[in-house]
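S.K.: Predicted coordinates and the sequence they were generated for:
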Amino acid sequence: MTNIILETKNLTKSYPLHGVEIQALRGVNLCVESSEFIAIVGPSGCGKSTLLSIAGGLMRPSSGQILVNGQDFTQLTEQESARLRREHIGFIFQSFNLMADLTAAENVEFPMVLANMPESERRSWVQELLKRVGLSDKADHLPDELSGGQKQRVAIARALANRPDIILADEPTGNLDSATAAEIMELLIGLNRKDSVTLVMVTHSPDDAARAHRSIPLRDGQIEN
């Protein structure tokens with residue numbers, strides 16, 4: 001019996017733009033199994049990032065369902081949705097989304113604070129996560145003192161802070177040079193293979209997509225068969 005960790009059912013999303021109704025998603029059905037690594041691919045504007053945002057509960061769909069570990073985001077209050085995200089989902093963004101006035105260690109620690117993790121446990125886990133992504137010596141550095149690759153490593157450590165079941169990564173190598181991008185992909189693949197972290201990645205890169213267990217092609221808001 002398969003263990004479905006993420007499922008979307010007939011997902012749609014539309015919004016008005018300059019007086020025209022834009023259909024960003026058109027009946028998307030997707031199942032992701034625990035420990036799977038999938039890549040969502042397609043041209044710009046096809047709905048990839050919208051799908052990822054809705055799957056993570058950051059955006060509400062126009063219709064359909066999003067189930068994470070069997071819980072339907074569309075049936076939850078904002079507070080319940082926030083708790084589900086905090087406990088089960090980690091996010092990695094193309095633009096890193098680090099807090100500029102917090103050090104690398106503090107950025108990683110922040111989700112733990114929100115989850116009310118005891119301070120002694122937080123400090124040791126932050127150290128472990130920074131070690132895991134190769135940044136033990138950068139704990140006290142602010143984001144502006146880090147390279148793009150280092151910022152993304154901090155973002156990955158932050159995504160792992162509350163030991164999520166699934167990581168949603170939106171173009172995680174999009175702002176990086178090819179050598180750094182390859183290093184980040186190796187780090188993500190290692191998390192999937194060694195730690196069984198489920199990974200859903202949006203990417204424009206055919207090379208990155210080829211590393212996934214399977215690719216999901218999206219075009220005009222629909223999954224291509």
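M.R.: Yes, it's here.

S.K.: The spatially most central residue of the chain sits in which helix or strand?
M.R.: Nearest to the mean C-alpha position of the chain, by Cα atoms, centre = their mean, lies Leu168 at 2.0 Å. Secondary structure assigned from DSSP states H and E places Leu168 in strand 166-170.

S.K.: do you know how far the residue nearest to the centre of the chain is from Phe91?
M.R.: From Leu168 over to Phe91 the distance is 5 Å, taken as Cβ to Cβ, to the nearest Å. From N, CA and C alone the C-beta is placed, and that goes for glycine too.

S.K.: Enumerate every residue touching the nearest residue to Glu109 once chain neighbours are set aside.
M.R.: Distances taken as Cβ to Cβ, 6 or more residues apart in numbering place Val126 nearest to Glu109, at 5.0 Å, with adjacent residues excluded. With contact set as Cβ atoms under 8 Å, 6 or more residues apart in numbering, Val126 has these partners: 105, 108-109, 112, 139, 157, 161.

S.K.: which of those has the most neighbours?
M.R.: The residue in those with the most neighbours, by other Cβ atoms under 10 Å, is Val108 (29 neighbours).

S.K.: While we're on it, how confident is the model there?
M.R.: Per-residue confidence (pLDDT) for Val108: 97.

S.K.: do the one 10 residues further on as well
M.R.: Pro118 is assigned a predicted lDDT (pLDDT) of 94.

S.K.: From Glu87, how far out is it?
M.R.: Here the criterion is Cβ to Cβ. By it, Pro118 lies 16 Å from Glu87.

S.K.: do Val154 as well
M.R.: 21 Å.

S.K.: between these two, which one's more packed in?
M.R.: When Val154 and Glu87 are compared for neighbours, Val154 comes out ahead with 27 against 14, by other Cβ under 10 Å.

S.K.: Return the residues in contact with that one.
M.R.: By Cβ under 8 Å, 6+ apart, Val154 lies in contact with 96, 98, 104, 107-108, 130, 133, 135, 138, 143, 146.

S.K.: Repeat the analysis, applying 10 Å as the threshold.
M.R.: For Val154, the residues meeting the contact criterion (Cβ atoms under 10 Å, 6 or more residues apart in numbering) are 96, 98, 102-105, 107-108, 129-130, 133, 135, 138-139, 141, 143, 146.

S.K.: thinking again about what came up before, and the strand holding Leu168, what does it pack onto?
M.R.: strand 4-17, strand 37-41, helix 48-55, strand 89-93, helix 148-159, helix 178-195, strand 198-202 (3 or more Cβ pairs under 10 Å, 6 or more residues apart in numbering; DSSP states H and E).

S.K.: Which one, of the ones you listed, ends up nearest to Asn69?
M.R.: strand 4-17 (6.2 Å; Cβ to Cβ).

S.K.: how about whichever helix or strand comes after the closest one as CSV, C-alpha atoms only?
M.R.: Stepping forward along the backbone from strand 4-17, the first helix or strand reached (DSSP H and E) is strand 20-33. As requested, the backbone C-alpha atoms of strand 20-33 are provided in CSV (Å, rounded to 0.1, in the frame of the first residue of the first chain):
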residue,chain,number,x,y,z
VAL,A,20,-9.6,39.4,-17.8
GLU,A,21,-10.1,36.2,-15.9
ILE,A,22,-6.9,34.2,-15.9
GLN,A,23,-7.0,30.5,-15.4
ALA,A,24,-3.8,29.6,-13.7
LEU,A,25,-4.7,26.0,-12.9
ARG,A,26,-7.2,23.9,-14.6
GLY,A,27,-8.2,20.7,-12.8
VAL,A,28,-4.8,19.5,-11.5
ASN,A,29,-4.7,16.0,-10.0
LEU,A,30,-1.4,15.1,-8.4
CYS,A,31,-0.3,12.4,-5.9
VAL,A,32,3.1,12.4,-4.2
GLU,A,33,4.3,9.4,-2.2
